[in-house]
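Q: Sequence below, structure please.
(one chain, ligands or ions: 1)
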Amino acid sequence: MTEAVSGDNSGMDDTSVPFRAGFACFVGRPNAGKSTLTNAIIGSKIAITSNRPQTTRHVVRGILHRPNSQLILIDTPGLHKPKTLLGERLNDQVRQTWSEVDVVGLCIPADEPIGPGDRFISREIAELKAKVVAVVTKTDLVSRATLLKQLTAVNEMADFAEIVPVSAITGEQIEVLVDVLSKHLPESPQLYPDDMISDEPERVMIAELVREAALEGVRDELPHSIAVLIEDVEDEETDQGPRKKIYAEIYVERPSQKAIVIGKGGSRLRVVGTRARKEIAKLLDARVYLDLHVRVAKDWQRNPKYLQRLGF
Ligand SMILES: Nc1nc2c(ncn2[C@@H]2O[C@H](COP(=O)(O)OP(=O)(O)OP(=O)(O)O)[C@@H](O)[C@H]2O)c(=O)[nH]1
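A: Numbering: from 1, shown residues only. A predicted model of the protein is given here:
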């Protein structure tokens, strides 16, 4: 059980407490709430979330600065049964990430019984050098009694360093979780400068925002068939001042999917462009011009050439 107290040490200059820094990631079966939790902790929209499983593709990092620690969060895609080359590469990427972190937070939803998926992942991470903290997510969805039962079940499932119940939606216990994760980091000097919240390449983050906008409202029709490549980002001067000119390509697998993305007379693509542009402008804190193209790349999920181009 967690024994950490949530504390705001800001302003304190306590040299007797060693500085800790390192990497942490959340793992868990699809839909366990990993991305939402990462967002709640970092406080900025850097990992794509959706109510469909397996939407997190890229390893995204957020950096959390505290007076005595620096926690670097890595967001991994869910481990799943690989059906395509993309699936296999994603699983390799997940295992690679797991082997590099200091602390792993195993996310188990409070509102669903523990299943074979949770046990499978739990066994895999038990082999790692990392400390494993069990995170019981979505506590806002259950009663205290149900939560207590789930905490007991999690406690019996494996030997965790700690168990922390949280709700990413209400924010309950988020600070406690950060304290617990930070406590298990190794003693180390700061690894990144103070003002960084992410070292994910800007283009990957921009691509995620375009992808999210393109999927909005049509997730059922095109769940995994969309990928986005940022071809170029240019700084340009205009009469209204500087702005970023971004060239993005949306890849789909079939002409029918291209039609869905573009919509009648290009109507949907305009909405996608506007939505994505606003989000990108927020991310970059700049004026943005977005040039969007939709291309059909047959079976890109199975084609090593495309996968490489798209960064997998
Ligand atoms: N009520 C409630 N819902 C949550 C909470 N955390 C996540 N969810 C919802 O659960 C669903 C899945 O959350 P994600 O964060 O996308 O889950 P994930 O584990 O990253 O999923 P994959 O990317 O598929 O591996 C979304 O609909 C979230 O809104 C929470 O604390 N409370």
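Q: Okay, buried residues for stretch 151-165 please.
A: Leu151, Val154, Met157, Phe160, Glu162, Ile163, Val164, Pro165 (16 or more other C-beta atoms under 10 Å). For the C-beta atoms, the positions are set from N, CA and C on the backbone; glycine is no exception.
Q: Pull up the distance across it, start to finish.
A: Terminal residues of stretch 151-165 are spaced 8 Å apart (C-alpha to C-alpha, to the nearest Å).
Q: now that stretch, how far from the centre of its chain.
A: 23 Å (C-alpha atoms, centre = their mean, to the nearest Å).
Q: got it, and stretch 219-229?
A: On C-alpha atoms, centre = their mean, the centre of stretch 219-229 falls 17 Å from that of its chain.
Q: Show me which residues of it are buried.
A: Leu222, His224, Ser225, Ile226, Ala227, Val228, Leu229.
Q: How much space separates the closest residue to the last one other than its chain neighbours from the ligand?
A: This means Leu229. Spatial nearest neighbour of Leu229, excluding adjacent residues (C-beta to C-beta, 6 or more residues apart in numbering): Glu249 at 4.9 Å. Applying C-beta to the nearest ligand atom, to the nearest Å, the value for Glu249 to the ligand is 23 Å.
Q: close enough to count as contact, Ile114 and Ile108?
A: Yes. Using C-beta atoms under 8 Å, Ile114 makes contact with Ile108 at a distance of 6.4 Å.
Q: The two: who's more crowded?
A: Comparing Ile114 with Ile108 by neighbour count (other C-beta atoms under 10 Å), the higher total belongs to Ile108, at 28 against 15.
Q: Am I right that that one sits in a helix?
A: No. Secondary structure of Ile108 (DSSP: H, G, I helix; E, B strand; the rest coil): strand, not part of a helix.
Q: Quick check: it touching Arg119?
A: No. Look at Ile108 against Arg119 with C-beta under 8 Å: they stay out of range, at 10.3 Å.
Q: Lowest-confidence entry in the buried residues of stretch 219-229?
A: Going through those one by one, the lowest pLDDT turns up at His224, 73.
Q: host element of it?
A: Taking DSSP states H and E as the criterion, no element holds His224; it sits outside all helices and strands.
Q: quick one, phi psi at it?
A: Dihedral pair for His224: phi -120, psi 10, per degrees, to the nearest 10.
Q: Against the ligand, how distant is it?
A: 11 Å.
Q: Heading C-terminal from the strand or helix carrying Asn39, find the next helix or strand.
A: Per DSSP H and E, Asn39 falls inside helix 34-42. Using DSSP H and E, the helix or strand that follows helix 34-42 in sequence is strand 60-66.
Q: which is the next helix or strand following that following strand?
A: Scanning onward from strand 60-66 (DSSP H and E), the first element met is strand 69-75.
Q: okay, the helix or strand that that next one is followed by in CSV with CA atoms only?
A: Of the helices and strands lying after strand 69-75 in sequence (DSSP H and E), the nearest is helix 85-100. C-alpha atoms of helix 85-100 as CSV (Å, rounded to 0.1, in the frame of the first residue of the first chain):
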residue,chain,number,x,y,z
LEU,A,85,4.7,-6.2,-39.2
LEU,A,86,3.6,-3.0,-37.5
GLY,A,87,2.2,-5.0,-34.6
GLU,A,88,5.5,-6.9,-34.2
ARG,A,89,7.5,-3.7,-34.3
LEU,A,90,5.3,-2.1,-31.7
ASN,A,91,5.8,-5.0,-29.3
ASP,A,92,9.5,-4.9,-29.8
GLN,A,93,9.4,-1.1,-29.1
VAL,A,94,7.4,-1.8,-25.9
ARG,A,95,9.9,-4.4,-24.6
GLN,A,96,12.8,-2.2,-25.5
THR,A,97,11.3,0.7,-23.5
TRP,A,98,10.6,-1.5,-20.5
SER,A,99,14.2,-2.6,-20.4
GLU,A,100,15.4,1.0,-20.1
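Q: Is there proximity between helix 85-100 and the ligand?
A: No. Counting by C-beta under 6 Å from any ligand atom, the ligand is not contacted by helix 85-100; separation bottoms out at 10.0 Å.
Q: can you list the residues of the stretch 151-300 of the chain near the ligand?
A: Ser167, Ala168, Ile169.
Q: Val296 is in contact with Pro255, correct?
A: Yes. Applying C-beta under 8 Å, one finds Pro255 in contact with Val296, separated by 5.6 Å.
Q: and the residue nearest to Leu128 when sequence neighbours are not counted, what is it in contact with?
A: Among residues not flanking Leu128 along the chain, Trp98 sits closest, at 5.7 Å (C-beta to C-beta, 6+ apart). By C-beta atoms under 8 Å, 6 or more residues apart in numbering, the contact list for Trp98 reads Cys25, Val27, Thr76, Val104, Glu124, Ile125, Leu128, Ala130.
Q: and if you look at Ala24?
A: Leu71, Ile72, Leu73, Ile74, Val101, Asp102, Val103, Val104, Gly105, Leu181, Leu185.
Q: Noted, bye for now.
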